[in-house]
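Asks: what's the 3D shape of this:
(2 chains, ligands or ions: 1)
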Amino acid sequence: MSDPETLRRFEQVVLPHLDAAYNLARWLTRNPQDADDVVQEAMLRALKYLTGLRGENARPWLLTIVRQTCYTWLRNNRPPAEVYILDQDDFDLATSPPGEDGGGDPETLVARIEDRTLVNRLIAALPVPLREVIVLRELEELAYREIADILAVPIGTVMSRLSRARARLRAGLFRHLGESDRGL
Amino acid sequence: MDCNQARPQLQSRLDDALAAEPAAALDGHLAHCPPCRRAFHTLKTAQGAIREHADCFRAPGALRSRILAELAAAAAAPPVSGRGRARRSGHPGRLGRWGWFGSGAALAASLTLVITLTLAPVPGAPLEDQVVSAHIRSLMENHLMDIASSDRHTVKPWFNGRLDLAPPVRDFEAVGFPLAGGRLDVLDQRPVAALVYRRRQHVINLFIAPADGAAAGLHEASPTRGYTVLYWSDGGLADWLVSDLERTELLEFARLLRSPPPAQ
Ligand SMILES: [Zn+2]
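Replies: Purely as a prediction, here's the structure:
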């Protein structure tokens, strides 16, 4: 099935993006063992479809496969309530617009956000469609166009999800700030 | 530009997704509009902090090794229908998969052939690249060791008559780097000694070759395919150390290897 040339190409072109693949799978499954399984499966799929990779950047190409593998995995392994949102075509219309940032100022935001655990907890708590745009944009630093291709949605959708994801993260940080203030 | 035009563009500016002209127009507005400037500063602060603090996970070394092994199997085997890659319920699925891989005895012959063709050292390739390929090859070919032993008094004499050098063989089990064995390998089209050590689930290859005479301190090759490669020379022998182990741990091991052996 795979000749030596294909395997060599895979090793040179795809394998360097293994960390990016794992990072996305780890954030979407939120579990190291599941991320292991998903990435392993995705790499085999990537080998199978390697001839479909022509000239374009291998990283978004691989992440597309990883994301699809994650979604399949989530559908098969997660409770329906959590999976429901994955299948909602009108996700972008159905959710309420992002709330205000709570009027916090940037300097308090800096102080709060130094809390690494809180930042990670807030990202993990985002629904998958918002979490994945944060991972792809802020951690993998992909461009809007690349993210749109991976998600198979228009660029405008990527921008609106990103905006809502960021607003939720900021709101979470400010809300937490309010609570700890009351606790004093 | 007014605030109503500026606000929707703040995020694109943040993500460097505006063309030069609209970016300049927006910057012009921000320069004399404190509320928009403050909104942009909030976005930028949050982005910077998220990028700095969010976990960026790296593929574990054990996963990397398993994927290499599976790729080798996939490359060697025609697609098998219903090969037991069942959705798992709990953990048995994962075991089942490796059970499948392990039982692929029929694959072994073609597997070795394919990998040898694929990962054979490329003459003229940078040496660190050859070192990494040799390391991967050792994991894939089920040919990690010619002599499997944790006893240095067994491993060391095994090289007698097989190489025109006598590699020093030491065990570091007491400090968590047990000796696992040795084999002959090839670097730069020359036979070299390969000593295999383990650290938890990680495999470490130490390649020892004759050196051209100049002693050289500890060096680190630029990261190659996710592996750390360290090398040094004592004048007579050149050592190359490679693993997917955490870099700091491999450095620690290199320091141990370079430390003078205890008096016998
Ligand atoms: Zn304004």
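Asks: pLDDT averaged over stretch B:170-180, what's the number?
Replies: Per-residue pLDDT over stretch B:170-180 has a mean of 92.
Asks: in it, what's buried?
Replies: B:170-171, B:177, B:179-180 (16 or more other CB atoms under 10 Å in any protein chain shown). For the C-beta atoms, the positions are set from N, CA and C on the backbone; glycine is no exception.
Asks: what does that stretch contact?
Replies: If you take CB atoms under 8 Å, 6 or more residues apart in numbering or on different chains as the criterion, stretch B:170-180 is touched by B:144-145, B:148-152, B:155, B:169, B:195-199, B:203-204, B:253, B:256-257, B:261.
Asks: of those residues, keep whichever come out buried.
Replies: B:144-145, B:149, B:155, B:169, B:195-199, B:203-204, B:253, B:257.
Asks: which one of these sits closest to B:Arg51?
Replies: Nearest to B:Arg51 among those: B:Arg199, at 31.4 Å, using CB to CB.
Asks: now the closest one: how far from B:Ala62?
Replies: With distances taken as CB to CB, to the nearest Å, B:Arg199 is found 12 Å from B:Ala62.
Asks: and what of B:Arg198?
Replies: In terms of CB to CB, B:Arg198 sits 12 Å off from B:Ala62.
Asks: mind listing the helices for chain A?
Replies: Applying DSSP state H to chain A gives helices spanning A:4-9, A:18-29, A:32-48, A:58-77, A:80-84, A:91-94, A:106-113, A:116-125, A:128-134, A:144-151, A:155-183.
Asks: from the buried ones among the contacts of stretch B:170-180, which land in helices?
Replies: Short answer: these in helices (DSSP H) are B:155, B:253, B:257.
Asks: and the residues you listed near the ion, which?
Replies: Contacts with the ion are made by none of those, judged by CB under 5 Å from the ion.
Asks: and of these, the nearest to the ion?
Replies: For those, the residue nearest the ion by CB to the ion is B:Phe253; the value is 57.8 Å.
Asks: what's the neighbour count on residue 147?
Replies: Let's take chain A. For A:Ile147, the tally of surrounding residues (other CB atoms under 10 Å in any protein chain shown) stands at 24.
Asks: that's the other chain; I wanted chain B
Replies: 18.
Asks: relative to B:Lys156, how far out is it?
Replies: 10 Å.
Asks: re earlier: of the ones in helices among the buried ones among the contacts of stretch B:170-180, list those near chain A.
Replies: By CB under 8 Å from any CB of the partner chain, no member of these lies near chain A.
Asks: and which of those residues is nearest A:Gln33?
Replies: Among those, B:Phe253 lies closest to A:Gln33 (CB to CB), at 27.9 Å.
Asks: dig out what the closest residue to that closest one other than its chain neighbours forms beta bridges with.
Replies: Nearest residue to B:Phe253, sequence neighbours excluded (CB to CB, 6 or more residues apart in numbering or on different chains): B:Phe177, at 5.4 Å. Applying DSSP bridges to B:Phe177 gives these bridge partners: B:Phe172.
Asks: low pLDDT regions in the chain?
Replies: I went with chain A, as the question did not name one. In the predicted model, chain A carries pLDDT under 70 at residues A:1-3, A:79-115, A:176-184.
Asks: meant chain B actually
Replies: Residues of chain B meeting the criterion pLDDT under 70: B:72-125, B:141-142, B:213-214, B:263-264.
Asks: now do the longest helix anywhere in it against helix A:116-125, angle only.
Replies: Ranked by residue count under DSSP H, the longest helix found in chain B is helix B:34-53. Calculated by axes from the mean of the first three to the mean of the last three CA atoms, to 10 degrees, helix B:34-53 forms an angle of 100 degrees with helix A:116-125.
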